[in-house]
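> Sequence and predicted model, in that order:
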Amino acid sequence: MKIRTVATCVFLVAPSLGVAQDVTLKMGHAASTTHVFHSGLEIFAEKVAEKTGGSVAVEVFGDRQLGDDKELLEGIQIGLIDGALVSSATLPLVIGAAPFDSLQLPFLIGSYEELSDLLTSDLGDELLATLDDKSIKGVGFIEAGQRHFLATSMQVEGIENFAGLKTRIVPIPLHKAIWETIGVNPIGMAYGEVYSALETGTIDAVEINMSSIRSESLYDAAKHVTKTGHYFWPGVIMISGARWDALSDEQKAAVAEAGHETTAEAYALASSLEAETIQFLEDNGVTVGELGDLDKMRELTAPIVDEWTAKDPLIAKITEHFRSGS
């Protein structure tokens, strides 16, 4: 009887001692399965499987199968969704994660490499850690690409051409401030509605990355791209706090390592795809041009960087990092 009691106790406490259990995490994103977000999340899945010896599996669901960014965030917080890749731009508005605005301050970040270096540093970890008290564990980033400007009926060649264009933006205060300053008529709209809105003339333009123009076939509805590179578009790899807490310490360390490695590889991938994506768009009848007075656009939006830098200490740290070149 005593032997049986001891065995029973060992069995009951084993999970709390960090014994690895097989876990499957279903992770969604709001982009197409042909988008670099999907490729990046598949890289993460492969690394997680490798580093955990197969004890943690990640299943990737694209095409908004598990919801759009807002639905994914809300589902993760209450534990209905295991994990997701969510555009960082939506985090300040949907869950109050203000420091993530730092990643989309106009013209602050000069290159994919600069951003990758930041996001794989201690400062990047500090940014991810701000999600801990929101029932979310952030483990890495995947880049969709620098944002540019796509219009339906005209080539935007100078600042004056932006005036009054009905332009889709992510409906957050930072983007609204940026695009009102530039002179467009900003219209908040869900990502999944952009194609039909361009096609029907509900909007004249959208600020967007090349990868999404291609993966969402937006080039069928709009043929004029102006390269501005005003900010980048990181997605945050995140796991529900409840699912994270259920992992063993060894599994947590392995998944975190997978997230760091995925971040570096995903940024290199996004950078390498830019020229090929532009060539694809041009082959499909899209005119890709430059903004003749890009310096004027930088000048107009510079006060917004200062304004947002003053809003949060971590934004200030990240802004200083890029301005100092450290």
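Cool, got the structure.
> What count of nearby residues applies to residue 292?
For residue 292, the count of nearby residues is 13 (other Cβ atoms under 10 Å). Backbone N, C-alpha and C define where each C-beta goes, glycine included.
> Tell me the confidence at it?
The confidence metric pLDDT takes the value 96 at residue 292.
> Any figure for the gap between it and residue 207?
Distance of residue 292 to residue 207, computed by Cβ to Cβ, to the nearest Å: 18 Å.
> Please enumerate the helices of the stretch 101-250 of the chain.
112-119, 122-129, 173-182, 194-200, 210-215, 241-245, 249-283 (DSSP state H, counting those that start in this stretch).
> looking at those helices, which is buried most?
Among these, ranked by average contacts under mean count of other Cβ atoms under 10 Å, first place goes to helix 210-215 (a mean of 24).
> helices or strands up against that helix?
Under the contact definition 3 or more Cβ pairs under 8 Å, 6 or more residues apart in numbering; DSSP states H and E, helix 210-215 sits against helix 249-283.
> The helix it packs on packs against which elements?
helix 36-51, strand 56-61, helix 112-119, strand 136-143, helix 210-215, strand 234-240, strand 287-290.
> let's go with 6 Å and repeat that
Contacting helix 249-283 under the criterion 3 or more Cβ pairs under 6 Å, 6 or more residues apart in numbering; DSSP states H and E are the following elements: helix 36-51, helix 112-119, strand 136-143, helix 210-215.
> So which bits of the longest one are buried?
Neighbour counts using 16 or more other Cβ atoms under 10 Å place 36-41, 43-45, 47-49, 51 of helix 36-51 among the buried residues.
> tell me the angle of it relative to strand 136-143?
Going by axes from the mean of the first three to the mean of the last three Cα atoms, to 10 degrees, helix 36-51 is angled at 120 degrees with respect to strand 136-143.
> pLDDT of helix 36-51, averaged?
97.
> mind checking how far residue 48 is from residue 60?
Distance from residue 48 to residue 60, by Cβ to Cβ: 11 Å.
> State the helix or strand in which the nearest residue to residue 310 once chain neighbours are set aside lies.
Of all residues not flanking residue 310 in the chain, residue 316 sits nearest, at 7.2 Å (Cβ to Cβ, 6 or more residues apart in numbering). Assigned by DSSP states H and E, residue 316 belongs to helix 313-324.
> what helices or strands is that helix leaning on?
Helix 313-324 is packed against helix 294-309, with contacts defined by 3+ Cβ pairs under 6 Å, 6+ apart.
> Compute the inter-axis angle for the helix it packs on and helix 313-324.
Relative orientation of helix 294-309 versus helix 313-324 (the same axes, to 10 degrees): 150 degrees.
> Could you give the number of residues near the nearest residue to residue 74 once chain neighbours are set aside?
Computed as Cβ to Cβ, 6+ apart, the closest residue to residue 74 that is not its neighbour in sequence is residue 94, at 7.2 Å. Residue 94: 17 surrounding residues under other Cβ under 10 Å.
> Need the phi and psi values for residue 94.
phi -80, psi -40 (degrees, to the nearest 10).
> What distance do you get for it to residue 32?
Residue 94 is 21 Å from residue 32, where distance means Cβ to Cβ.
> How about residue 147?
17 Å.
> neighbour count winner among those two?
For residue 147 versus residue 32, neighbours defined as other Cβ under 10 Å are more numerous around residue 147 (22 against 18).
> dump the residue contacts of that one.
207, 209, 230-231, 233 (Cβ atoms under 6 Å, 6 or more residues apart in numbering).
> so which of the residues you listed comes closest to residue 79?
Closest approach between the contacts of residue 147 and residue 79, by Cβ to Cβ: residue 233, at 27.2 Å.
> what number of residues lie near that closest one?
Number of residues near residue 233 (other Cβ under 10 Å) recorded here: 24.
> now swap in residue 300 and tell me
16.
> What of the one 10 residues further on?
Burial of residue 310 is recorded as 11 neighbouring residues (other Cβ under 10 Å).
> Residue 177 versus that one, what's the distance?
Distance of residue 310 to residue 177, computed by Cβ to Cβ: 13 Å.
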